[in-house]
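Colleague: Predicted coordinates and the sequence they were generated for:
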Amino acid sequence: MDKIQSLYEALAKVEGFIYPNEIALNWDMLIVMYPYVTGLVAGAFILASLNRVFDIKALRPTYEISLLTALSFMLIATMPLISHLGQPMRFYEMLITPHLTSAMAIFGFVYLWYLMVVLLLEIWFDYRYDMVIWSREKTGIMRHVYRALTLWVSDTTPKSRKTDEKIGYFITVVGIPSAFLLHGYVGFIFGSIKANPWWSTVMMPVIFLFSAMVSGIALVMFIYMVVTWLRKQKIEMIVLDSIAKYLFYILIIDFSLESLDQVHRIYVADESFDILKILVHGKLFFSFFIMQIGIGTIIPLLTLGFLQFKKPNDKIRKAIYLILSICVLTGIFFMRWNVVIGGQLFSKSFYGFTSYKVSLIGSTDVLLSLVWFIVPFFILAFLLWLLPPWKKAPAPH
Amino acid sequence: MPLQVKRLLLVFAVFIGIMLGLKYFLTPDSWREYGPYRGNALKEIVNQVPKFVQMEDCAACHDSIAEIKSQGEHNPLQCEICHGPGYRHIDDETVKMEIPKGNAVCMRCHTKNAASPSGIIKQIDAVEHSEGEDCINCHNPHQPWL
Amino acid sequence: MAIDKENFSRREFLKHAGSFAGGVVFVSLINPFKFVFATKEPKGTGKWYGVAIDIEKCIGCGSCARACKVENDVINEPFFFRNWVEQYTITNDEQILVSSPNGGIDGFKQPVPEEEIYKTFFVPKMCNHCAKSPCTQVCPVGASFESPEGLALVDITYCIGCGYCVQACPYGCRYIDPTKGTVDKCTLCYHRLQQGLDPACMMACPTGARIYGDLNDKESALYAFIKEHNCAVLKPQLNTSSKLYYNDLSQEVH
């Protein structure tokens, strides 16, 4: 068996002493993908909500794009988790007989609440009027698709639009704490494992939440630029500048929280500190110091900070924003990596390390992770075709 | 109530209905018999066949060896520590037990190691002790000092 | 609220203070101090299994690990164990060396010459069958559960193989069996116990270093052993209420 063969290779690379059962990393790349993808969902949604609740005019062109981005990633958010299971066909048990003391058991319900009640409803109320109009304009099968999407409600009176608007606003307000819940909860899955000192911190849900917002905002920035460019429209710099401003603020909070966590760890220096220090300076050096902190945090922070004071011309700024959004997205990916993989590299005996090898060929987890990261972009393309934000009727006043 | 809200509530009612139906039909029979798990799991685990039998079962046939062993220092040891599990042999004597060859089995316990507490059993350095000669040339494993 | 100093007489103060003190005494009478239990508040009077290991008697022969692999069909690779033996060696310059080659099944080699050893000993490991087990707590579907006898068991026909329990176990006692896709762990040979047989590791130990028994039975050998020896559990700071007691456990052991 390939799996066992790779374990023999890992056995040869063990450093120091680990418990004999610790050679295999049970949570591989797919579990890195899981908080990453849910984080993108929560982040993109929070950006949309900020936009609506605080009525930020500059962000208006990104509202539908953020919502649809959140939806397309949300639709596959469970897939990394399910495809990583040893018995994937049994995943339904989590919904049928959830074991309520488990932090993981509630995920199904948090997910359903967020997908069904918050995200879909908000998009539905936002698009309902337009879908009715489109169902009238189109012919053939698309006519029926749009009619089905409206649930066969064809009310287009100003009163009905007002109702949509009111309920949509209410859902947005409910949605913000829900998005916080969704991703804070993912952090709790890790933070509540007292056996693992690298994970077990009360800060974990908060850090996950803010890094989620950072990654979601960067993703929306990236998608807005790419989509506008593909449509051969002019990218509005005021939109980019204000997204960048929010990215800057949230990044500051995120970085402070993560620093606080590390400073606390270093200062308190409990029994696990010695092994974690070796871990961070050794096996995690590249992914932690270079990728997460350097490329993912310090460079974007300095650049964005600089842009708050001095604005170079549009073309340069566009290039900077594009590069920065990719930097931030990469950095947050490595943050998840450091948490998930890093937390399993050291032995719970605190006397040694195991290893994890990433290879594109032969390891299904890496391939599947790539698939689950690419599929949402296709879903997004489909959604943008089905529900084009630029063809929406202007909001009633 | 606006029409669109009514429609939505209907959709949600259908969805929740389906979920409850699935929950009803897919929950295992013995769920919550003792706690939030399948009670039948306990019975299934108990059904596993034990592979190690007991010393009395061995002695029932091999009484002469049991007699010798009972007088020596290896008296408290289970036969199956050296001879392997006996569940097949006990039903069908053509399935042979392991007869250890060489010194490896003896040396599992009797190798000298500083971590081993002193005074529990006799431990030797094989080379120093017998220069690699077979243990059974001098010792009977069933009664080492015979 | 400001106190009117002029009109607040000593008499009144005593009256207030008295009624306050009385109230405290009354409340503490109806709600007396609740004891904190060493492991877990006892419930029921049935069997409640625990295990004790006498490190002073372990010779590191690995018979327990070998017997367990045979009895429970544990995959025969050097990285899946329901129980195993570790050898700790602390050198004179305070290096801590730990090893467990193939779980101790193939025997041990002392890593340093004898004159450099400060102290050295064997530590057999197995599931702690914790009374407040973090592994059964986190199972999302209830496939890992605590039996009425206090043993942490796995329902392999229901386990989804998420590995959360493997992460939650502080002692490294669980693993995902790659041939089944489900988790596997020590059951204290539940099948043998229920048929009146000793667990395989207990049976195979040549020096009697392993004891198991009913913690609810104050007459049991286990109860007496724990009482007479200075026993400790692994990682007590995690409050798992482990029921695996070690006699003569060094603090270097994690």
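Modeller: Noted; the coordinates are in hand. Numbers count the residues shown, from 1 in each chain, chains lettered A, B, ... in the order given.
Colleague: Where does pLDDT dip in chain B?
Modeller: Judged by pLDDT under 70, chain B has its weakly predicted residues at B:146.
Colleague: redo that, cut-off 80
Modeller: B:132, B:146 (pLDDT under 80).
Colleague: And for chain A?
Modeller: In chain A (pLDDT under 80), the answer is A:1-3, A:359-364, A:395-397.
Colleague: Could I get the full set of strands for it?
Modeller: Taking DSSP state E as the criterion, chain A carries its strands at A:15-16, A:352-353.
Colleague: do the same with chain B
Modeller: Secondary structure of chain B (DSSP E): no strands present.
Colleague: before we move on, the earlier item: determine which stretch of the strands of chain A is the most buried.
Modeller: Ranked by mean neighbour count under mean count of other Cβ atoms under 10 Å in any protein chain shown, the strands of chain A are led by strand A:352-353, which reaches a mean of 20. The way it works is simple: take the backbone N, C-alpha and C, and place the C-beta from them, glycine included.
Colleague: Check which helices and strands it sits against.
Modeller: strand A:15-16 (3 or more Cβ pairs under 8 Å, 6 or more residues apart in numbering or on different chains; DSSP states H and E).
Colleague: in what helix or strand does the closest residue to chain A within chain C lie?
Modeller: Proximity of chain C to chain A (Cβ to the nearest Cβ) peaks at residue C:161, 2.0 Å away. Following DSSP states H and E, one finds residue C:161 outside all helices and strands.
Colleague: Could you find the closest non-adjacent residue to it?
Modeller: Sequence neighbours aside, residue A:86 is the residue nearest to residue C:161 in space, at 2.0 Å (criterion: Cβ to Cβ, 6 or more residues apart in numbering or on different chains).
Colleague: Also residue C:64?
Modeller: Residue nearest to residue C:64 in three dimensions, not counting chain neighbours: residue C:201, with 3.7 Å by Cβ to Cβ, 6+ apart.
Colleague: Residue C:177 too?
Modeller: residue C:184 is the one closest to residue C:177 (Cβ to Cβ, 6+ apart), at 4.5 Å.
Colleague: wait, does stretch C:216-236 contact chain B?
Modeller: No: Stretch C:216-236 is not in contact with chain B by Cβ under 8 Å from any Cβ of the partner chain; minimum separation 14.2 Å.
Colleague: Report the separation between the two terminal residues of that stretch.
Modeller: One end of stretch C:216-236 sits 21 Å from the other (Cα to Cα, to the nearest Å).
Colleague: now stretch C:86-106
Modeller: Start-to-end, stretch C:86-106 (Cα to Cα) is 12 Å.
Colleague: Also stretch A:349-359?
Modeller: Start and end residues of stretch A:349-359 are separated by 28 Å (Cα to Cα).
Colleague: swap in stretch C:55-65?
Modeller: 16 Å.
Colleague: where's the closest residue to residue C:226 other than its chain neighbours relative to residue C:210, distance?
Modeller: Of all residues not flanking residue C:226 in the chain, residue C:245 sits nearest, at 5.3 Å (Cβ to Cβ, 6+ apart). Here residue C:245 is placed at a distance of 11 Å from residue C:210 (Cβ to Cβ, to the nearest Å).
Colleague: tell me, what's touching those two both at once?
Modeller: Counting by Cβ atoms under 8 Å, 6 or more residues apart in numbering or on different chains, the shared contacts of residue C:245 and residue C:210 are C:51, C:52, C:53.
Colleague: max-length helix in the chain?
Modeller: Assuming you mean chain A. helix A:158-191 (DSSP state H).
Colleague: Chain C, not that one
Modeller: Assigned via DSSP H, chain C shows its longest helix as helix C:10-30.
Colleague: Centre of the chain to that helix, how far?
Modeller: Computed by Cα atoms, centre = their mean, to the nearest Å, the separation of helix C:10-30 from the middle of its chain amounts to 46 Å.
Colleague: per-residue confidence averaged over the next helix or strand after that helix?
Modeller: Once the chain leaves helix C:10-30, the next helix or strand it forms, by DSSP H and E, is strand C:49-54. Mean pLDDT, strand C:49-54: 95.
Colleague: Is the residue of chain C closest to chain A in contact with residue A:89, as I believe?
Modeller: No: using Cβ atoms under 8 Å, residue C:161 is not in contact with residue A:89, being 10.6 Å away.
Colleague: residues of stretch B:136-146 that come out buried?
Modeller: Residues of stretch B:136-146 classed as buried: B:139, B:141, B:142, B:143 (neighbour count, 16 or more other Cβ atoms under 10 Å in any protein chain shown).
Colleague: How about stretch C:53-61?
Modeller: C:53, C:54, C:55, C:57, C:58, C:59, C:60, C:61.
Colleague: Then stretch A:53-67?
Modeller: Neighbour-count burial for stretch A:53-67 flags A:59, A:61, A:62, A:63, A:64, A:65, A:66, A:67 (criterion: 16+ other Cβ under 10 Å).
Colleague: just the helices in the stretch 201-350 of chain A please.
Modeller: For the stretch 201-350 of chain A, applying DSSP state H, counting those that start in this stretch gives helices covering A:203-230, A:237-268, A:273-281, A:299-309, A:314-340, A:342-345.
Colleague: Excluding covalently adjacent residues, which one is nearest to residue A:199?
Modeller: residue A:190 (4.3 Å).
Colleague: what's around that neighbour, how many residues?
Modeller: Residue A:190: 25 surrounding residues under other Cβ atoms under 10 Å in any protein chain shown.
Colleague: Looks like it contacts residue A:204 (just checking).
Modeller: Yes: using Cβ under 8 Å as the test, residue A:190 is close enough to residue A:204 to be in contact (5.5 Å).
Colleague: list residues touching both of the two?
Modeller: Shared contacts of residue A:190 and residue A:204 (Cβ under 8 Å, 6+ apart): none.
Colleague: and chain B, what are its domains?
Modeller: For chain B, the structural domains run B:3-46, B:50-98, B:100-139, going by automatic domain parsing.
Colleague: What about residue C:225? Give its phi and psi, please.
Modeller: phi -60, psi -50 (degrees, to the nearest 10).
Colleague: Residue C:124 too?
Modeller: With angles defined as degrees, to the nearest 10, residue C:124 sits at phi -70, psi 140.
Colleague: got it, and residue C:122?
Modeller: Reported as degrees, to the nearest 10, the phi and psi values for residue C:122 are phi -100, psi 150.
Colleague: what are the bridge partners for it, then?
Modeller: On the basis of DSSP bridges, residue C:122 is bridged to residue C:87.
Colleague: Residue C:86 is in contact with that one, correct?
Modeller: Yes: the pair residue C:122 and residue C:86 passes the contact test of Cβ under 8 Å, sitting 7.0 Å apart.
Colleague: okay, and the common contacts of these two?
Modeller: Common contact partners of residue C:122 and residue C:86 (Cβ under 8 Å, 6+ apart): residue C:104.
Colleague: For residue 79, which residues are in contact?
Modeller: Going with chain A. Residue A:79 sits next to A:372, A:375 when contact means Cβ under 8 Å, 6+ apart.
Colleague: wait, chain C
Modeller: Residues near residue C:79 by Cβ under 8 Å, 6+ apart: A:7, A:11, A:20, A:21, A:23, A:24, C:175.
Colleague: Check residue A:282 too.
Modeller: Applying Cβ under 8 Å, 6+ apart, the residues near residue A:282 are residue A:353.
Colleague: how about low-confidence regions in the stretch 101-250 of chain C?
Modeller: For the stretch 101-250 of chain C, no stretch is flagged by pLDDT under 80.
Colleague: coming back round to it: dump the longest helix of chain C to CSV, restricted to CA.
Modeller: Extracted as CSV, the C-alpha positions of helix C:10-30 are listed here (Å, rounded to 0.1, in the frame of the first residue of the first chain):
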residue,chain,number,x,y,z
ARG,C,10,-23.1,52.2,65.0
ARG,C,11,-26.1,50.4,66.2
GLU,C,12,-27.5,50.3,62.7
PHE,C,13,-24.2,49.3,61.3
LEU,C,14,-24.0,46.3,63.6
LYS,C,15,-27.6,45.4,62.7
HIS,C,16,-26.7,45.4,59.0
ALA,C,17,-23.5,43.6,59.4
GLY,C,18,-25.1,41.0,61.6
SER,C,19,-27.9,40.2,59.2
PHE,C,20,-25.3,40.0,56.4
ALA,C,21,-23.1,37.6,58.3
GLY,C,22,-26.2,35.6,59.2
GLY,C,23,-27.2,35.4,55.6
VAL,C,24,-23.8,34.1,54.6
VAL,C,25,-23.9,31.4,57.3
PHE,C,26,-27.4,30.4,56.2
VAL,C,27,-26.5,30.2,52.6
SER,C,28,-23.5,28.0,53.3
LEU,C,29,-25.7,25.8,55.5
ILE,C,30,-28.2,25.0,52.7
